[in-house]
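J.: Quick one, what's the 3D model for this:
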Amino acid sequence: MNKSYPFTEIQGKLSLGQKILIALPASPKYDQVAAALALSLSLQQADKTVNVVSPTAMTVEFHNLVGVDKVGQKASGTDLVVSLNYQMDNVEKISYNDDGGKLNLVIQPKPGAPALSEKTAGFSFAGAGADLVFTIGIKNINQLSVVGLGSVNPETIINIDNRPDNNNFAAVNVIDVDSSSVSEMIFGLLSGLGFSPDIDVAQNLLSGVWQATDGLRKADINPDTYELVAGCLRLGAQKPTETPQPQKVWQVKEEKKIGESVSQPRNPPPDWLEPKIFRGTSNN
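T.: Next up is the predicted model:
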């Protein structure tokens with residue numbers, strides 16, 4: 001697959017990042033989730049620590065994608081925040097000390113101020129908690145705030161999308177409007193970066209492109225799409241099964257009559273109530 005992506009820039013970012021976050025938009029498409037999980041699995045095989053987040057919880061629609069159970073809804077930061085339900089005007093001094101290798105935070109109230117209680121303390125985490133962020137299908141940087149990345153530095157972001165309205169908000173923008181799917185883009189990125197996808201990565205990518213192209217029936221399919229399909233099948237991925245079409249059935253309604261229930265067909269065929277005439281022949 002010959003994709004003209006900025007592989008050198010991406011490789012440079014990857015060489016400096018050990019903790020990586022992959023961010024999805026709200027209500028992500030199946031193809032976007034498949035692509036994010038395939039990228040996550042590949043980076044984990046390269047000994048990177050990777051987390052995938054989406055503000056929308058994963059539903060049963062995505063159950064067959066490998067790694068979907070690891071998708072979180074918010075980035076876990078690395079900065080511990082201690083919050084006190086206590087007025088700042090009542091605080092005399094805040095300090096810290098080393099108690100035999102243990103860190104102590106000391107909050108001293110002003111004379112006459114209400115006493116502090118451990119029940120007023122709360123704990124949370126802030127910060128991106130990642131050296132590098134991949135965004136999949138995110139249009140602009142403002143969408144990152146809902147997953148706890150509102151203050152992330154654009155220089156640490158690699159933006160991947162195939163929509164023309166993407167705002168190109170990152171240090172590295174990989175926008176391919178000619179690609180049939182984001183899964184196709186990830187396959188091209190992994191190939192260009194020298195990754196060797198395993199069967200789980202291949203299955204996610206094949207499932208993603210299959211859904212995005214309606215089983216290879218859409219008009220925007222290109223040679224790279226078929227190359228992805230062939231490559232994934234060679235790696236052992238299985239072609240997704242077609243969703244069966246719903247069968248037309250007669251609807252039956254219950255009509256109550258004095259003490260009994262009668263079932264009648266709704267919308268019967270035009271000749272349903274016509275007399276049935278049978279003709280035969282006889283030989284003399």
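J.: the strands in the stretch 151-284 of the chain, which residues?
T.: Secondary structure of the stretch 151-284 of the chain (DSSP state E, counting those that start in this stretch): strands at 157-161, 172-175, 252-257, 260-265.
J.: looking at these, which one has the lowest mean pLDDT?
T.: Confidence, taken as mean pLDDT, is least for strand 252-257 of these (a mean of 43).
J.: Pull up the gap between residue 26 and residue 82, please.
T.: Using CB to CB, to the nearest Å, one obtains 30 Å as the distance from residue 26 to residue 82. Bear in mind the C-beta positions are built from the backbone N, C-alpha and C, glycine included.
J.: do residue 154 as well
T.: Distance from residue 154 to residue 82, by CB to CB: 29 Å.
J.: which of the two has more neighbours?
T.: residue 154 (13 against 10; other CB atoms under 10 Å).
J.: Pretty sure that one sits against residue 169.
T.: Yes. Residue 154 is within contact range of residue 169, at 6.1 Å (criterion: CB atoms under 8 Å).
J.: Now the common contact residues for those two.
T.: Here residue 154 and residue 169 share the contacting residues residue 141, scored by CB atoms under 8 Å, 6 or more residues apart in numbering.
J.: Next, name the residue at the spatial heart of this protein.
T.: residue 33 (3.5 Å; CA atoms, centre = their mean).
J.: Excluding residues flanking it in the chain, which one is nearest that one?
T.: The shortest distance from residue 33 to any non-neighbouring residue, by CB to CB, 6 or more residues apart in numbering, is to residue 62 (5.3 Å).
J.: I'd like to know how many residues surround the one you found.
T.: Under the criterion other CB under 10 Å, the count of neighbours that residue 62 has is 17.
J.: Which pLDDT value belongs to it?
T.: 96.
J.: Against residue 148, how distant is it?
T.: 21 Å.
J.: ok, now residue 176?
T.: Distance from residue 176 to residue 148, by CB to CB: 28 Å.
J.: try residue 141
T.: Distance from residue 141 to residue 148, by CB to CB: 14 Å.
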